[in-house]
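> okay, predicted coordinates and the sequence, questions at the end:
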Amino acid sequence: MIHFDNVTKVYANQNRPALDHVSVDVDKGEFVFLVGPSGSGKSTFLRLVLKEEKPNSGAIHVAGKDLAKLSNFKVPHLRRRIGCVFQDFRLLPNKNVYENVAFALEVIGKPRRFIRKVVPEVIELVGLEGKAHRMPDELSGGEQQRVAMARAFVNRPMILLADEPTGNIDPATSIGIMKVLDRINRTGTTVVMATHDAAIVDSMRKRVVELEDGKIVRDQSRGVYGQAY
Amino acid sequence: MRANFIFSEVWIGLRRNLTMTIAVIVTVAVAMALLGVGLLINYQVSLMKDYWSDRVEVSVFLCKKESPFPTCKSSPGGVREAERVQLKAMIEAMPQVERVDFEDQAAAYKLFKEQFAGDAVLGQVAEESDMPESLRVKLKNPDEYPAVINPLKGYKGVAQVVNQQDILEKFFGLLEKLRYAALTIAGILVLSAILLIGNTVRLSAFNRRRETGIMRLVGASNLYIQLPFVMEGVIAGLIGGVMAAVLLIVAKVFLFEGVQNFLAANSQLGWDSVASVITLTMVIGVLICVLASFFTLRRYLRV
C-alpha cells in the first residue's frame, strides 16, 4: 500500500537529510506506529506519502501509484484515497460538526444525497452521535479530534495518516481516540500513526517503525515504544 | 461542481474584502471607461474623415480693390473679370481637380451672415463689399493638394490660398492627442487594477488559508479551490465593466454629441459602435480580472 525504496529527502538550506535512504513497506490493512524523537523524519515521511514534498532520490509508491510519475493534476485524486488527522485538529471554526465532515465531501463534488447518507454514519462511527450540530469550540479536545477523524474517514480512504493525533489530548481521552483508529483499521483501512506517546504504542501491540536522524533504526511487528524514551 | 457552494464562498470573500473589492471595481471602471473613450474617439475620427474627405475644398481667394495682401500689389484695382475666367480655366485644367466653383461677394456675404448669426457686432460691421471673391476648388483626392496649391500661391490676382484640410488636420490632431492621453491613462490604470486584484486575491487567500488547506488535504481539485477566488475577480470586473458602460453612455451623450453639434457635421457616432465598444471593454475588464486572479493564485495556492 505504501512502498518507500531508498528514499532520501533533504530540505533546502539544510545539509542534514530529513530522511536518509529509507526503505519500508506497509501492506494493505496494516496498523503502523511511526515513532522517534522530534526531527527524526516522521512528519517528512507523512508529507512524502501525500506528495506535499518530493524526495531528492528514491522511489515512492502509494496505492499502486508511482508518485514520481504522478502529475500535479492527479495529486488531488491521490489525496482523496488518503485521510489525514493532525495534532491541531484543523477544523473550520465557523462550521458545526456535521458541516465540517460534509465539507470534505462537498469540495470533491459528491452529490448532496450521498453526503446526507454517509456523514451521520461516520459521526456515529467516531462516537459523536447527537453532537452533529455542535460548533467545534463547544467540544472537548478529544471530541474535536473525533470530528477530524470522521472528516478524514468519511470518503472511505485506503490509507489514514495520523500525525500525533493524541498530542494535544490527555491520556484517558487518548484511549478513546485509539479505539476509533482501531475501528477504522478494522474496516480494512491502512493506518500510519506518528506519535511520541509510549503508553499508547505499548498498549496497542502493533507494528512499530522507529526513525532516528532520518534513518530507520527499528522495524518490529507487535512492538513497543522502546526503553530509551 | 456545486454552484451554490462556490457562490457562497465568493460572497464571503467579497464581503470580507469589501474595501479592496470597491477599489478594484472603481479602478476597473475608470480604466475601461477611458479605454472605451479612446476607442470611441478612434471611431469618431474615422467617421469624420470619411465625411469631410468628400467636402474639403481649397479656397482660392481673389484680390479685390485695395487688398492688403502683398501678391495683390500688381493688381491694385482688384482682379478683373477676364483674369478670373482665365484663372478658373487654368485650375480646371489641372489633372487633380474635380470641379471649380466661383463664389462672388453676395454668396460670401450670405455664408458669413449665417456663420456669425450669433455675433451681433461682426454681423453688423461687415458689409457685402468687404467680402472676398473666391474660387472653390474641389479635388479628386484631397491628399494631392500640394500640386494644386503651390503654383497658385503668388499667382497674379490670387490673394491667398487656404486648404480647408489644414484646419481639419489641426482638429483631428487634437482628437488624436486626446485619444493617446485616454489610452495612456487607461494603460496605467489597467496596470494598477492588475496589482490591486493581485493584492485582493492574496488577502482573500490568506483569510481562507484554513479552508483551502483542508480542501487540498481532502483532495479537492485545483479548479475547485481556485474557482471561488477567480469568480471574485470576475464579479468585481463585471461590476466595474457595468460602471464603465454607464460612463461611456454618458460620454457619448454629452461629449461626442456635443462635438458633433459643434461641427454641425453629419457624422453621428451610432449607438451600435458604442455598444460594440462597451462589449469589448467589458470583455477586456473581465479578462484582466480573471488572468490577474489566476496568476496570483498560482503563487499562493500551490499543490
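The structure has been received and is ready for your questions. Keep in mind the model is a prediction, meaning the values are calculated, not measured.
> kindly list the longest helix within the chain.
Picked chain A for this. Counting by DSSP state H, the longest helix found in chain A is helix A:171-186.
> try again with chain B
Longest helix in chain B, counting by DSSP H: helix B:164-207.
> what does chain B put close to chain A?
Chain B comes close to chain A at residues B:1-2, B:5, B:210-211, B:213-222, B:224-225, B:303, as judged by C-beta under 8 Å from any C-beta of the partner chain. In short, each C-beta sits where N, CA and C put it, glycine included.
> packing partners for the longest helix of chain B?
Where contact means 3 or more C-beta pairs under 8 Å, 6 or more residues apart in numbering or on different chains; DSSP states H and E, helix B:164-207 is packed against helix B:3-16, helix B:18-53, strand B:57-62, helix B:222-251, helix B:271-300.
> quick check: residue A:94 is in a helix.
No - under DSSP: H, G, I helix; E, B strand; the rest coil, residue A:94 sits outside any helix and is assigned coil.
> how about it: what's its closest non-neighbour residue?
Spatially, and ignoring its direct neighbours in sequence, residue A:94 is nearest to residue A:135 (8.0 Å; C-beta to C-beta, 6 or more residues apart in numbering or on different chains).
> wouldn't residue A:26 be in contact with residue A:33 here?
No - look at residue A:26 against residue A:33 with C-beta atoms under 8 Å: they stay out of range, at 11.2 Å.
> quick revisit: worst average pLDDT in the helices and strands packed on helix B:164-207?
Comparing mean pLDDT across these, the weakest is helix B:3-16, with a mean of 78.
> hmm, who's touching it?
A:106-107, B:21, B:204, B:207-208, B:211, B:227-229, B:231-232, B:235-236 (C-beta atoms under 8 Å, 6 or more residues apart in numbering or on different chains).
> put the alpha carbons of that helix into CSV.
Extracted in CSV, the C-alpha atoms of helix B:3-16 (Å, rounded to 0.1, in the frame of the first residue of the first chain):
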residue,chain,number,x,y,z
ALA,B,3,-22.7,26.1,-7.8
ASN,B,4,-24.2,27.2,-4.5
PHE,B,5,-21.1,26.2,-2.6
ILE,B,6,-18.9,28.2,-5.0
PHE,B,7,-21.2,31.3,-4.8
SER,B,8,-21.4,31.3,-1.0
GLU,B,9,-17.6,31.2,-0.9
VAL,B,10,-17.4,34.0,-3.4
TRP,B,11,-19.9,36.1,-1.4
ILE,B,12,-17.9,35.5,1.8
GLY,B,13,-14.7,36.5,0.0
LEU,B,14,-16.1,39.7,-1.5
ARG,B,15,-17.7,40.8,1.8
ARG,B,16,-14.5,40.2,3.9
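> if we can go back for a sec, pull out the buried residues from the residues of chain B next to chain A.
Neighbour-count burial (16 or more other C-beta atoms under 10 Å in any protein chain shown) applied to these gives B:5, B:211, B:214-222, B:224-225.
> OK, contacts around residue A:221?
Residue A:221 neighbours (C-beta under 8 Å, 6+ apart): A:206, A:207.
> per-residue confidence at it?
86.
> and it, how far is that from chain B?
Between residue A:221 and chain B the distance is 30 Å, computed by C-beta to the nearest C-beta, to the nearest Å.
> now do stretch A:202-211: distance to the chain's middle.
15 Å (C-alpha atoms, centre = their mean, to the nearest Å).
> buried residues, it. List them.
For stretch A:202-211, the neighbour count (16+ other C-beta under 10 Å) marks A:204, A:206, A:207, A:208, A:209, A:210, A:211 as buried.
> mind checking which of the residues you listed are in strands?
Those of the buried residues of stretch A:202-211 mapping onto strands are A:207, A:208, A:209, A:210, A:211, per DSSP state E.
> do the longest helix of chain A and chain B meet?
No - using C-beta under 8 Å from any C-beta, helix A:171-186 never reaches chain B; the gap is at least 15.7 Å.
> so, low pLDDT: which residues of chain A?
Where chain A drops to pLDDT under 70, the residues are A:227-229.
> got the contact list for residue 214?
Assuming you mean chain A. Counted by C-beta under 8 Å, 6+ apart, residue A:214 has contacts A:9, A:16, A:17, A:18, A:19, A:20, A:22, A:40, A:41, A:44.
> oops, wrong one, chain B.
A:90, A:92, A:103, A:104, A:107, A:151 are the contacts of residue B:214 under C-beta under 8 Å, 6+ apart.
> what strand or helix carries it?
Per DSSP states H and E, residue B:214 falls inside helix B:209-217.
> how about residue A:32?
strand A:31-35.
> backbone dihedrals for residue A:71, please?
The phi/psi pair for residue A:71 (degrees, to the nearest 10) reads phi -70, psi 160.
> shouldn't residue A:191 be within a strand?
Yes - secondary structure of residue A:191 (three-state DSSP): part of a strand.
> measure it to chain B for me?
Distance from residue A:191 to chain B, counting by C-beta to the nearest C-beta: 17 Å.
> partner residues bridging that residue?
residue A:31, residue A:160 (DSSP bridges).
> do the same with residue B:61
Following DSSP bridges, residue B:61 is listed with bridge partners residue B:134, residue B:160.
> chain B contacts on chain A?
Counting by C-beta under 8 Å from any C-beta, chain A comes close to chain B at A:50, A:72-73, A:75-82, A:84, A:90, A:92, A:103-104, A:106-109, A:112, A:151, A:155.
> inside strands: which ones of those?
Going by DSSP E, the strands hold A:82, A:84 from the residues of chain A next to chain B.
> buried ones among the residues of chain A next to chain B?
A:50, A:75-76, A:78-82, A:84, A:90, A:92, A:103-104, A:106-108, A:151, A:155.
> go ahead and confirm residue A:225 touches residue A:208.
Yes - at 7.1 Å, residue A:225 counts as touching residue A:208 under the criterion of C-beta under 8 Å.
> residues shared between the contacts of these two?
A:33, A:35, A:201.
> which one of the residues you listed is nearest chain B?
Of all the shared contacts of residue A:225 and residue A:208, chain B sits closest to residue A:33, with 21.6 Å by C-beta to the nearest C-beta.
> wait, doesn't residue B:139 sit right on residue B:147?
No - using C-beta under 8 Å, residue B:139 makes no contact with residue B:147, being 9.3 Å away.
> more neighbours, those two?
Neighbour count, other C-beta atoms under 10 Å in any protein chain shown: between residue B:139 and residue B:147, residue B:139 has more, with 22 against 12.
> which non-adjacent residue is nearest the more buried one?
Among residues not flanking residue B:139 along the chain, residue B:96 sits closest, at 5.6 Å (C-beta to C-beta, 6+ apart).
> and the residue positioned nearest the centre of chain A, how close does it get to residue B:293?
Geometric centre of chain A, nearest residue: residue A:161, 1.5 Å, by C-alpha atoms, centre = their mean. Plainly put, residue A:161 is 32 Å away from residue B:293 if you go by C-beta to C-beta, to the nearest Å.
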